[in-house]
Structures are given as structure tokens and as C-alpha cells.
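*Asks:* structure for the following, please:
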Amino acid sequence: MASQSLPGVFLFTASSGGLPTNEITFAKLLKDQGYSTALIGKWHLGMSCHSKIDFCHHPLHHGFSYFYGISLTNLRDCKPGEGSVFTWGFRKVVFIPLQIIGIALLTLAALSCLGLLRVPLGFFFSLLFLAALILTLFLGFLHYFRPLNCFMMRNYEITQQPMSYDNLTQRLTAEAAQFIQRED
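*Replies:* The predicted structure follows:
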């Protein structure tokens, strides 16, 4: 999963790809020897290949008998008020283009008012539309990221969406203790 140019973890649940199915995990080796295996915590090595329900990269396909946890890396985006890991990307694809559009609009308006350049009104509206589109997509991402990507799963079932970090350590610990008790 290591890469020079790409993150080694998945930041979006809808991402395709993940830990190759031919990868031999420690859990697979143990399961083949008759042990019960569980992953309780985070699995950020992919979930699906072609559709959201094929689960070809799910932990249950990599030697785990039981899974309870989150399917992404532990993003602060999933915690309300904690900021975003996408700040650098927002700056690059949202804020810089909006600044360029704003400067272009002001410059063209000034040149037009001074009579130095004739700018069609449609061009102004096109730039405003582009700025509104960028802003709408940005706000849509902020609004929908958490409910769509931040969830808890038990095996293949979503148990909490969006997930809450309240008492998460205690909940994971209790789940692990219950798994151990069931398997004794």
C-alpha cells in the first residue's frame, strides 16, 4: 500500500481499490490454522472494487472472521469542529481559483469602467457562474463528506452513520472483550 505519489490509505469510502486479494495477512495465516480472528478498530486499506456492496477488499476477505470499526483512516474530518485533512487541497482547488476569478472580475470591471477595454456582460456572468459553481461544489463536499464517509461497521453492516467519537475507545474495548468472551 506504500506509494511515492499516492496516499497509502483510503480517504473516501467510495474509492475503489485496496489491499490486493492475493496478499497474505497474518490474520489469514491464523485463520487457516483454526484461530478465530477479529479486527476491531480501523481498516483503511479499501472496501470495494466495482460497487459499494462487493466488499472485495473488506477485512472479512483478508482472514478476519469478525470486523467492528471504521473503514477509513481516522480522519479529523469525521469529528465536528476538528478541521480538515483536505485544507491543502481546498487551498489549491478552491481558494486560489476563487481569488484568481475575483481579481480577474475586479480588473476587467475597472478596465471596462475606464473605457480601456470592452468586456461583454456575458463574460462577467460566466466568471461569476464559475465562482458560484466552485463554491457550491466545495460547500457540498463539506456538507456531505461526514455523513457519507464517516461510519461504523459490524462485519458488512453499517451500525452508525455518521459515526460518533463519543466514548469510541471504550466502545471498541467493550467489543474486543465481547469477541474474546464469545470465542473462549
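*Asks:* where along the protein do the strands fall?
*Replies:* For the chain, the strands defined by DSSP state E cover 38-42, 66-70, 152-154, 157-160.
*Asks:* so of these, which one's packed in deepest?
*Replies:* strand 66-70 (a mean of 21; mean count of other C-beta atoms under 10 Å). In short, each C-beta sits where N, CA and C put it, glycine included.
*Asks:* can I get the helix or strand of the chain with the lowest mean pLDDT as CSV, trimmed to CA atoms?
*Replies:* Every helix and strand of the chain was ranked by mean pLDDT, DSSP states H and E. The lowest is helix 87-90, at a mean of 82. Output in CSV follows, covering the C-alpha atoms of helix 87-90 (Å, rounded to 0.1, in the frame of the first residue of the first chain):
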residue,chain,number,x,y,z
THR,A,87,-7.0,22.0,3.8
TRP,A,88,-4.1,21.9,1.4
GLY,A,89,-6.3,20.6,-1.4
PHE,A,90,-9.0,23.2,-0.6
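*Asks:* could I get the buried residue list for that helix?
*Replies:* Buried residues in helix 87-90, counted by 16 or more other C-beta atoms under 10 Å: none are found.
*Asks:* what packs against it?
*Replies:* Using 3 or more C-beta pairs under 8 Å, 6 or more residues apart in numbering; DSSP states H and E as the contact criterion, no helix or strand is in contact with helix 87-90.
*Asks:* ok, so what distance separates the residue located most distally from the centre of the chain from residue 126?
*Replies:* The centre of the chain is farthest from one residue, residue 115, which by C-alpha atoms, centre = their mean lies 48.9 Å away. For residue 115, the distance to residue 126 (C-beta to C-beta, to the nearest Å) stands at 22 Å.
*Asks:* please apply the same query to residue 38.
*Replies:* Distance from residue 38 to residue 126, by C-beta to C-beta: 56 Å.
*Asks:* now residue 145
*Replies:* On the measure of C-beta to C-beta, residue 145 and residue 126 end up 29 Å apart.
*Asks:* of these two, which one has the most company?
*Replies:* Counted by other C-beta atoms under 10 Å, residue 145 and residue 126 do not tie: residue 145 has more neighbours, with 19 against 11.
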